[in-house]
Structures are given as C-alpha cells and as structure tokens.
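Q: Take a look and give me a structure for this.
(one chain, ligands or ions: 1)
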Amino acid sequence: MERLLVLVRHGQSEWNKQNLFTGWRDPGLTELGVEEAVRGGRLLKERGLSFDIAFTSVLTRAQKTLDLILGEIDQEGLETLSDQALNERDYGDLAGLNKDDARAKWGEEQVHIWRRSYDVQPPGGESLRDTVARVLPYYIREIQPRVMRGERVIVSAHGNSLRALIMVLDGYTPETIPSLELGTGIPMVYRLNADTTVASREILED
Ligand SMILES: O=C(O)[C@@H](CO)OP(=O)(O)O
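A: Next comes the predicted model:
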C-alpha cells in the first residue's frame, strides 16, 4: 500500500521578502512566492503525484500556496482541512520586526537562539518545542491515520511548523534541529512504513 505524505512550505511571502518576523501574522505571497508554488505543483505533476486530501494552516500564505499547487496538478477543490495547529510558530513580540534590526538591538547570537534553538521562547512567543507540542498531536490524530489508510496526503504549512513535524519524522534532536532550513515552495515527498516510520524522503527541486 502507498503511504504518501507530501510536505511543502509556502512560497515567499511579502514579509519573507521584507525580512520581517512573521509568525501568526498573515501577509500574502509575493510574485516570486506565487512562481515558487506553481513550480512546486509542476514538480509534483511531473512525478505523477496526486492526492486524496490536503491539510493547511489558517494563514493565507499556506492556503494560497496549496491552491496554486492544486491548480497545477488539476486538483482544484480537493477536500482541504485548515487548522491553526499547523500555523507558523508564534513569534510573539518579535512579529513585525525586521530581523536585521533585531540583530542590531539584541545581537546576532540572541536572535539566532530565538530563531533556531529548540527550547528558548522568543519574548511572548513559542519555542520550537512549544510548536512541536501542538503540531505533533494534530499530526498523530488527523494526518497520520489517513496516510496509514492509504490516503495520499499533502500538507501546505510553514518553515517552523514543518521543522517541528520533520524533527519527529526524521529523528532530529534538539542539538541537530537548528541546522534544518526548508526552502519555500519545495515539495518534500515522504513515504511511510506500516509502523509509521519514514521509508523514504525525496526533496523535489528543479
Ligand atoms: O518569520 C517567520 O515566521 C519565520 C519563517 O519565515 O522566520 P524564521 O525563519 O526566522 O524562523
């Protein structure tokens, strides 16, 4: 039985382009972000991949990316479940600040710790550990059972909510997860074993 799970980070957003901490704020895609999503869809189409259900967050950039992908693979209107469990990590008081301004104010190292450490919370926001604590139960409850039943699943979400999920799927540790960076609009194709572990992972790039 095919146990297919495709993960994709949204295309470039207006705030990615402007180098702003985004978190739960809701900017749209840039022109490049639209192109990235379309390219991601084309790569899926070239592999002949199609889906039975889609999951996304409640944020526009992930939903729009999904719509563009579904358009490319001729699956507009596919059943889609949107849940804030898949939202980006909440950046708290940093949301809306420029990342270079933050480095000037708090120092390179502190900002890196806020952005990439496992368990340090940015002021008023979530650590990656907090993000894992909401993404993982949702995955186990809503997504994984469908994959196990043979439904082909695509998830369009965010840099850090997907890092949280991939940490668990691929066995990253608090020490190794800081080095994981996800490209925008690049589909990651997972196939799972019957015991829910990862059988294979392929990153689709031009
Ligand atoms: O601003 C954000 O919400 C995220 C994703 O773009 O940024 P970072 O890569 O710094 O975690």
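Q: which residues sit in contact with residue 184?
A: Contact analysis of residue 184 by Cβ atoms under 8 Å, 6 or more residues apart in numbering lists 9-12, 16, 33, 36. Placement of C-beta: from N, CA and C, glycine included.
Q: Could you check how many residues crowd around residue 18?
A: Close neighbours of residue 18, defined as other Cβ atoms under 10 Å, add up to 12.
Q: ok, now the one 4 residues further on?
A: One way to gauge burial is a neighbour count; for residue 22, by other Cβ under 10 Å, it gives 23.
Q: If we ignore the residues flanking it in sequence, what's nearest it?
A: Using Cβ to Cβ, 6 or more residues apart in numbering and skipping residues adjacent in sequence, the residue nearest residue 22 is residue 15, 4.5 Å away.
Q: What is the burial count for that neighbour?
A: 20.
Q: got a list of what it touches?
A: Residue 15 neighbours (Cβ under 8 Å, 6+ apart): 21-22, 25, 27.
Q: Repeat that for residue 103.
A: Residue 103 neighbours (Cβ under 8 Å, 6+ apart): residue 111.
Q: Can you add pLDDT, secondary structure and distance to the ligand and give the contacts of residue 15 back as JSON lines?
A: Formatted as JSON lines, the contacts of residue 15 follow (pLDDT from 0 to 100; DSSP: H, G, I helix; E, B strand; the rest coil; distance: Cβ to the nearest ligand atom, whole Å):
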{"residue": "21", "pLDDT": "98", "secondary structure": "coil", "distance to the ligand": "4"}
{"residue": "22", "pLDDT": "98", "secondary structure": "coil", "distance to the ligand": "4"}
{"residue": "25", "pLDDT": "98", "secondary structure": "coil", "distance to the ligand": "8"}
{"residue": "27", "pLDDT": "98", "secondary structure": "coil", "distance to the ligand": "10"}
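Q: same for the helix or strand harbouring residue 110, what does it pack against?
A: Assigned by DSSP states H and E, residue 110 belongs to helix 108-116. Judged by 3 or more Cβ pairs under 8 Å, 6 or more residues apart in numbering; DSSP states H and E, helix 108-116 is in contact with helix 99-106.
Q: repeat that for 6 Å
A: Contacts defined by 3 or more Cβ pairs under 6 Å, 6 or more residues apart in numbering; DSSP states H and E place helix 108-116 against no helix or strand at all.
Q: Can you read off the pLDDT for the closest residue to residue 117 other than its chain neighbours?
A: Counting by Cβ to Cβ, 6+ apart, residue 117 lies nearest to residue 178, which is 6.4 Å off, once chain neighbours are set aside. Looking at residue 178, its pLDDT reads 96.
Q: Surely residue 178 touches residue 115?
A: No - contact between residue 178 and residue 115 fails when scored by Cβ atoms under 6 Å: they sit 8.7 Å apart.
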